[in-house]
Each structure stands twice: as C-alpha cells, then as structure tokens.
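>>> 3D, please:
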Amino acid sequence: MKKIIIILTVILIISSLSGCGESFQRSVKTFTSEYTGGLERKVEVYSSSGQLLKTYEGKLDIEANEYGNKVLFDIDGKRTIIYNATVIVEEK
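You can find the predicted model right below:
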C-alpha cells in the first residue's frame with residue numbers, strides 16, 4: 001500500500017510540473033496532506049471580538065464542516081475541535 005501511495009504521489013508531482021494549472025496543484029497538495037499526516041501549518045483561533053485565543057503549529061491535516069462552524073485537526077496525537085470561532089490556517 002505504501003508503495004502505491006509513493007508511486008501515485010510521484011505521478012501527481014510530475015503531472016503538476018507539466019503546467020496543468022493551479023487547480024491540479026491544489027489537488028496534489030490535498031492528496032499529499034491526507035496520506036502523509038498533514039502539512040506544516042500555523043493555526044490561529046480568534047474569538048468573535050477578534051481576540052487571539054490560541055495558536056497551534058505543526059504538521060496538521062485540517063477538516064472543516066460545510067457550515068463553517070466546526071474545525072478539527074490532530075496535533076501531537078491529540079484531537080482538537082474548535083466550534084464557532086474564526087480560524088486562520090497558514091501553510092509554512
């Protein structure tokens with residue numbers, strides 16, 4: 001299974017270098033994030049008044065619901081779920 005993932009990742013990377021567009025590159029990044037445990041990211045959580053509540057940094061795979069009021073991710077082996085806050089995610 002690991003060998004198949006590596007082969008698919010290599011194919012996707014080579015294809016992305018051939019100029020298939022930004023959409024394809026986003027798909028490659030999504031695939032890489034899902035199967036390698038995430039990307040190096042910085043997550044900032046703000047209250048509704050704009051006050052910074054918490055900052056997380058590390059290798060994260062982030063999942064948001066369709067309504068935008070719930071974000072979850074795993075960091076350092078612990079699941080973090082954030083409800084009803086402004087969450088800014090920045091790739092490093």
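
>>> mind giving me the domain split of this protein?
1-36, 38-92 (automatic domain parsing).

>>> Using CSV, lay out the ones you listed together with mean neighbour count.
From N, CA and C alone the C-beta is placed, and that goes for glycine too. What follows is those, written out as CSV (neighbours: other CB atoms under 10 Å):
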stretch, mean neighbour count
domain 1-36, 12
domain 38-92, 13
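
>>> mean pLDDT lowest for which of those?
Note on these: domain 1-36 shows the lowest mean pLDDT, a mean of 70.

>>> which residues touch residue 45?
Applying CB atoms under 8 Å, 6 or more residues apart in numbering, we find residue 45 in contact with 52, 53, 54, 55, 56, 82, 85, 86, 87.

>>> now residue 63
Taking CB under 8 Å, 6+ apart as the test, what residue 63 contacts is 71, 72, 73.

>>> swap the cut-off to 10 Å and go again
Residues in contact with residue 63 (CB atoms under 10 Å, 6 or more residues apart in numbering) are 34, 70, 71, 72, 73, 74, 81.
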